[in-house]
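Asker: What follows is a protein structure lacking sequence information:
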């Protein structure tokens, strides 16, 4: 006899592309490694998804923070894990792209393309150019005119040296023909404080940390660095719309597994992620509380994005001659 409970379970399994057998209760715990402290955007994504994954997969899912070395410690832990479908890493694109381009293999102790298998892209978020109100500008064109007239204001803050915002700023410098000086901060928090206080004229950062201040009129977000407007802030035009030829793309967060993880386990988790990211309550949390755009893409698409970004940023970084502290 088919009960309503059995029928609903079958519907859920079908929606996820999973068999009922794969949905059997398991006491084995899935670990989601995060290379940053609790409370940040990567940790938020992991915890929101862990709760829903546990419900769908019918087994415990925990977030394990391994902060340090810009996320490299978590990646090293993932490489050391057994490829049994119980350990995954959630990380921003800085890990497979910028860390890989900046540090030698001997320091990384892993190869993102060889040692790990992509599972899915989870969220994306735009990078923006924000300027202090003391500049008196409301658009990217006005900003460029201002700093050309006042060269002492031709600098921008970032959350640190060697990341996507750093090199995006250098690309902006090239696009507008102005020698912009990069000012590194210890994270976006101190950068926002100084931007609001007028100690730094501009900042390049992910949207989430500055959007509330933009909405309150305390700072001006004058452009988005991606090719199209972000659904998170549709009122802000791209720099390309304003005549500045730059498309640095969005930042994003994805999930990886150790290489040789069984394909059936990867598909099971990928389908659970796709289901979770489509839930209204998950989307509400990510968009309205964390300023992140739910952006599920399957493994093959995420792998293609990684390889495209490696090809784009490799020559950019090499041309700067930048060497990170080791």
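Answerer: Done, it's in. Just so we're clear, the structure is a prediction, and the values are computed from it rather than from any experiment.
Asker: Can you give me the neighbour number for residue 312?
Answerer: 15 (other C-beta atoms under 10 Å). To be clear about C-beta, it is placed using only N, CA and C from the backbone, and glycine gets the same treatment.
Asker: residues contacting the nearest residue in space to residue 103 that is not next to it in sequence?
Answerer: Leaving aside its chain neighbours, residue 103 sits nearest to residue 324 (6.8 Å; criterion: C-beta to C-beta, 6 or more residues apart in numbering). Contacts for residue 324 (C-beta atoms under 8 Å, 6 or more residues apart in numbering) come out as 102-103, 161-162.
Asker: Can you give me the domain assignment for this structure?
Answerer: 14-124+252-320, 127-224 (automatic domain parsing).
Asker: Where is the longest strand in this structure?
Answerer: Longest strand in the chain, counting residues (DSSP state E): strand 116-125.
Asker: residue closest to the middle of this protein?
Answerer: The chain has residue 252 as the residue nearest its centroid, 2.8 Å off, counting by C-alpha atoms, centre = their mean.
Asker: Tell me the spacing between that residue and residue 229.
Answerer: 16 Å (C-beta to C-beta, to the nearest Å).
Asker: now residue 136
Answerer: Going from residue 136 to residue 229 by C-beta to C-beta gives 24 Å.
Asker: Next: residue 34.
Answerer: Residue 34 is 29 Å from residue 229, by C-beta to C-beta.
Asker: With residue 92 instead?
Answerer: For residue 92, the distance to residue 229 - C-beta to C-beta - is 21 Å.
Asker: In terms of neighbours, single out the busier of the two.
Answerer: Using other C-beta under 10 Å, the more surrounded residue of residue 92 and residue 229 is residue 92, with 26 against 15.
Asker: Reduced to three states, what does the closest residue to the more buried one other than its chain neighbours come out as?
Answerer: What sits nearest to residue 92 in space, not counting adjacent residues and going by C-beta to C-beta, 6+ apart, is residue 253, at 5.1 Å. Secondary structure for residue 253, judged by DSSP: H, G, I helix; E, B strand; the rest coil, is strand.
Asker: For residue 221, give the beta-bridge partners.
Answerer: residue 130 (DSSP bridges).
Asker: mind listing what it touches?
Answerer: Residue 221 sits next to 128-130, 207, 210-211, 214, 233, 236 when contact means C-beta under 8 Å, 6+ apart.
Asker: Next, the contact list for residue 38, please.
Answerer: residue 65.
Asker: Give me the below-cutoff pLDDT ranges for the stretch 1-150 of the chain.
Answerer: By pLDDT under 70, the low-scoring segments of the stretch 1-150 of the chain are 1-26.
Asker: And the helices in it, which stretches?
Answerer: Counting by DSSP state H, counting those that start in this stretch, the stretch 1-150 of the chain has helices at residues 4-16, 41-57, 72-80, 100-102, 105-108, 112-115, 140-149.
Asker: So for residue 284, which of the ones you listed sits nearest?
Answerer: Among these, the nearest to residue 284 by C-beta to C-beta is helix 41-57 (10.2 Å).
Asker: Show me what that closest one is packed against.
Answerer: strand 30-34, strand 61-65, strand 87-92, strand 116-125, strand 251-258, helix 263-277, helix 280-284 (3 or more C-beta pairs under 8 Å, 6 or more residues apart in numbering; DSSP states H and E).
Asker: Try it again at 7 Å.
Answerer: In terms of contacts (3 or more C-beta pairs under 7 Å, 6 or more residues apart in numbering; DSSP states H and E), helix 41-57 is packed against strand 30-34, strand 61-65, strand 87-92, strand 116-125, helix 263-277.
Asker: helices and strands around the first one, which ones?
Answerer: On a contact count with 3+ C-beta pairs under 7 Å, 6+ apart, strand 30-34 meets helix 41-57, strand 61-65, helix 72-80, strand 87-92.
Asker: Packed most tightly, which of these would that be?
Answerer: strand 87-92 (a mean of 26; mean count of other C-beta atoms under 10 Å).
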